[in-house]
Each structure stands twice: as C-alpha cells, then as structure tokens.
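Trainee: Predicted model and sequence below, questions to follow.
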Amino acid sequence: MFDPNVIVAWVVFGGLGMIYVAYGKWKDLWQAKALGFALMFFPYVVTDVIWLWLIGGLLTFAIPFARD
C-alpha cells in the first residue's frame, strides 16, 4: 500500500486531475471535469502499481479525445 511508486502515482494523477478540473471549469467542459475527478479518485480503488500507472496514463491522454 505504501510503495513509493504508488505514492508518486497518487501525487502525479491527483495533481493532473486538479488541473483538468480547473481547465474544465474555465472552459465549461464537462468532459474535462469528469476526467479530472476520475484521475483524482481512481487511485483509491486500484491497488496494483502496473494498473495504477496504466489506467492513469490512459485517463491522462484521453483529454484531447473527450471534447465536443
């Protein structure tokens, strides 16, 4: 649970999630807000390091495709 890789992933994806939520509020894009909240909260349910980085990477790079 307290593996350094997990803690780094929590910080990285939580920070990116906050940026996406702020961007979504600024541009009024619900897709960016949803991806931001997903990035902030998915590490609480994913425990494996490989899956944590894989899902986080996919959510991070999904923002250009999640526009109207």
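Mentor: It's in.
Trainee: Go through whichever strand or helix holds residue 54 and flag the buried ones.
Mentor: Under DSSP states H and E, the secondary-structure element containing residue 54 is helix 49-60. For helix 49-60, a neighbour-count test (16 or more other C-beta atoms under 10 Å) marks 52-53, 55-56, 59 as buried. Using the backbone N, CA and C atoms, a C-beta is placed for each residue, glycine as well.
Trainee: what's the closest of the residues you listed to residue 30?
Mentor: Using C-beta to C-beta, residue 59 comes nearest to residue 30 of the buried residues of helix 49-60, at 15.3 Å.
Trainee: what's the burial count for the nearest residue to that closest one once chain neighbours are set aside?
Mentor: The shortest distance from residue 59 to any residue that is not its chain neighbour, by C-beta to C-beta, 6 or more residues apart in numbering, is 5.2 Å, and that residue is residue 39. Other residues lying near residue 39 total 25 when counted by other C-beta atoms under 10 Å.
Trainee: what residues are up against residue 39?
Mentor: With contacts defined as C-beta atoms under 8 Å, 6 or more residues apart in numbering, the neighbours of residue 39 are 13-14, 16-17, 20, 56, 59-60.
Trainee: before we move on, the earlier item: and which of the buried residues of helix 49-60 is nearest residue 2?
Mentor: Closest approach to residue 2 among the buried residues of helix 49-60 (C-beta to C-beta): residue 52, at 13.3 Å.
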